[in-house]
Structures are given as structure tokens and as C-alpha cells.
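1. turn this into a model:
(one chain, ligands or ions: 1)
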Amino acid sequence: MGLDVFKERKTIRKFKDTKIEREKVLSLIEAAIQAPSAHNFQPWEFILIDEKETKEILSSKMAETWIKNLKKDGKPNSEIEARVKLSKERINNAPFIIIPCFDTSKVEKYGDSRDNAEFIMGIQSVALASENILLKATELGYGVLWLCAPLFCPDEVRSVLEIPENIFPQEILIVGVPDEDPEKPKRRNIDKLIHFNRW
Ligand SMILES: Cc1cc2nc3c(=O)[nH]c(=O)nc-3n(C[C@H](O)[C@H](O)[C@H](O)COP(=O)(O)O)c2cc1C
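-> As a prediction, this is how the structure comes out:
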């Protein structure tokens with residue numbers, strides 16, 4: 001895996017209607033679990049969804065919370081309908097879904113402010129595993145869309161997927177064969193973001 005994979009990786013939001021074999025997805029998970037993790041606790045779990053009915057129930061349940069939040073924000077009904085429709089379609093039509101989760105029972109507990117640092121380390125570890133999925137997918141010619149939505153409705157995701165209370169679903173990764181070739185968003189100039197020796 002060369003630098004090209006890092007440069008080639010970009011978010012894909014449109015996918016071909018091509019089935020993604022479970023075996024291929026397992027190779028993405030193999031890549032994920034090569035990530036480093038704090039204390040080598042490997043606090044990750046992965047829910048893999050390729051069942052139409054599950055996708056539909058999940059998208060509908062998540063939409064309920066989103067509609068409530070958008071109404072609270074005072075968004076007009078037409079905007080709410082359009083945004084929720086797009087979001088549901090994305091999930092319902094997803095060729096394959098991976099939900100990386102953080103198992104909070106696997107991290108160190110001190111009963112003081114260090115618990116917050118341990119919690120963050122758990123999230124960081126799962127994020128690193130997730131990035132490995134994105135990079136491996138790029139190498140295999142797949143595209144991925146990262147949806148942050150589960151962070152806003154963890155209980156709904158838990159209830160649909162029967163996830164225990166101590167498990168935090170971090171994001172939805174939609175994996176599929178790209179049906180678009182968008183321009184990758186420009187990166188900030190490296191000179192503007194590095195700080196040698198001092199801020
Ligand atoms: C933590 C995180 C959350 C994201 N959530 C969403 C999302 O909910 N919807 C979406 O369309 N893209 C989402 N993205 C994708 C970003 O919009 C995308 O990575 C960014 O615009 C840079 O584009 P690139 O991935 O093509 O380099 C998310 C990415 C990350 C890392």
C-alpha cells in the first residue's frame with residue numbers, strides 16, 4: 001500500500017448496484033484490526049449488514065430522531081423531508097454496511113478524570129481501525145461513505161441491532177463499487193498547519 005492509496009481515498013456517495021461479497025468485507029475487517037489501540041485493548045466490534053430488511057428498519061428508526069432534531073432546529077418541512085429521504089435512501093440502497101463500535105467495557109477505569117482520557121483513547125482506537133477500512137477499500141477499488149449519524153441516535157441504533165448498552169456504535173460505513181468520480185476536496189496547505197517546536 002503506497003502513498004497513492006492515501007491520496008486516492010476520497011468519500012464516495014454514489015454506488016453501483018453491485019453486491020459486495022462477505023468475504024471481501026472480511027478482508028476490510030482484517031485490515032481494520034491491524035490498527036494500533038491504547039494498551040492493545042482492541043476495543044472494537046463490527047456489525048456487518050447486508051440484509052435489506054435490517055437496513056430499512058435501521059434507516060427508519062434513525063430518521064425518527066433526525067426529524068425530531070431538525071424540527072427542533074426550526075427547519076422547514078420541505079427541507080426536512082428532502083434530507084431525511086436522501087439519508088434513508090443512502091442506507092436502504094447501501095451495497096454493504098459496516099458499523100464499527102467501541103466496547104467501553106474494554107477500557108481502563110480509574111474512577112477519576114483519567115476515565116475521560118481512556119474513553120477518548122477507545123474512540124481514537126476505533127477511528128484508526130475505521131481508517132484502515134477506508135484505505136483497504138480504496139486499495140480493492142471500493143468506495144466508502146462515512147456517516148456520523150449513529151453518534152446522534154445511539155439508542156435507536158442499539159435497539160434495532162440488539163447492541164448491548166456498553167457498546168457505542170461510532171459510525172455507518174457504506175461500502176460499495178463507486179458510481180461517481182468526484183473531485184477530492186482540497187487539503188489545507190501543509191505550511192499553514194504545522195508548528196515546529198512551538199505553536
Ligand atoms: C468523523 C467523520 C464524519 C463524517 N460524517 C459524514 C456524514 O455524516 N455525511 C457525509 O456525507 N459525509 C461524512 N463524512 C465524510 C466527510 O464529509 C469527508 O471525509 C470530507 O468532506 C473530506 O472529503 P474526502 O473524504 O473525500 O477527502 C464524515 C467524515 C468523517 C471523518
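
2. secondary structure element for the nearest residue to residue 11 once chain neighbours are set aside?
-> The shortest distance from residue 11 to any non-neighbouring residue, by C-beta to C-beta, 6 or more residues apart in numbering, is to residue 145 (5.9 Å). Backbone N, C-alpha and C define where each C-beta goes, glycine included. Assigned by DSSP states H and E, residue 145 falls within strand 143-147.

3. residues in contact with the strand ranked longest in the chain?
-> For the chain, the longest strand by residue count, based on DSSP state E, is strand 96-103. By C-beta atoms under 8 Å, 6 or more residues apart in numbering, the surrounding residues in contact with strand 96-103 are 20, 25, 28-29, 32, 43-50, 55, 91, 122-123, 125-126, 129-130, 133, 150, 157, 161, 163, 166-176.

4. please apply the same query to stretch 6-21.
-> With C-beta under 8 Å, 6+ apart as the test, stretch 6-21 has contacts from 50, 90, 93-96, 134-135, 138, 142-146, 174-180, 182, 184-185.

5. picking that back up, quick one: buried residues of the helix or strand following the longest strand of the chain?
-> Using DSSP H and E, the helix or strand that directly follows strand 96-103 along the chain is helix 114-139. Within helix 114-139, the residues that count as buried by 16 or more other C-beta atoms under 10 Å are 118-119, 121-123, 125-139.

6. if we check the ligand, which of those residues are in contact?
-> Subset of these in contact with the ligand: empty, counting by C-beta under 6 Å from any ligand atom.

7. thinking again about what came up before, and the longest strand of the chain, how far from the chain's centre?
-> Remark: strand 96-103 is offset 7 Å from the chain centroid, using C-alpha atoms, centre = their mean, to the nearest Å.

8. that one vs the ligand: in contact?
-> No. Using C-beta under 6 Å from any ligand atom, strand 96-103 never reaches the ligand; the gap is at least 11.2 Å.

9. how about that strand as PDB, C-alpha atoms only?
-> What follows is strand 96-103, C-alpha atoms only, in PDB (Å, rounded to 0.1, in the frame of the first residue of the first chain):
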ATOM      1  CA  PHE A  96     -22.900  -3.200   2.300                       C
ATOM      2  CA  ILE A  97     -22.800  -1.500   5.700                       C
ATOM      3  CA  ILE A  98     -20.100  -1.800   8.400                       C
ATOM      4  CA  ILE A  99     -20.800  -0.200  11.800                       C
ATOM      5  CA  PRO A 100     -17.500   0.000  13.800                       C
ATOM      6  CA  CYS A 101     -18.400   0.000  17.500                       C
ATOM      7  CA  PHE A 102     -16.500   0.900  20.700                       C
ATOM      8  CA  ASP A 103     -16.700  -1.600  23.500                       C
END
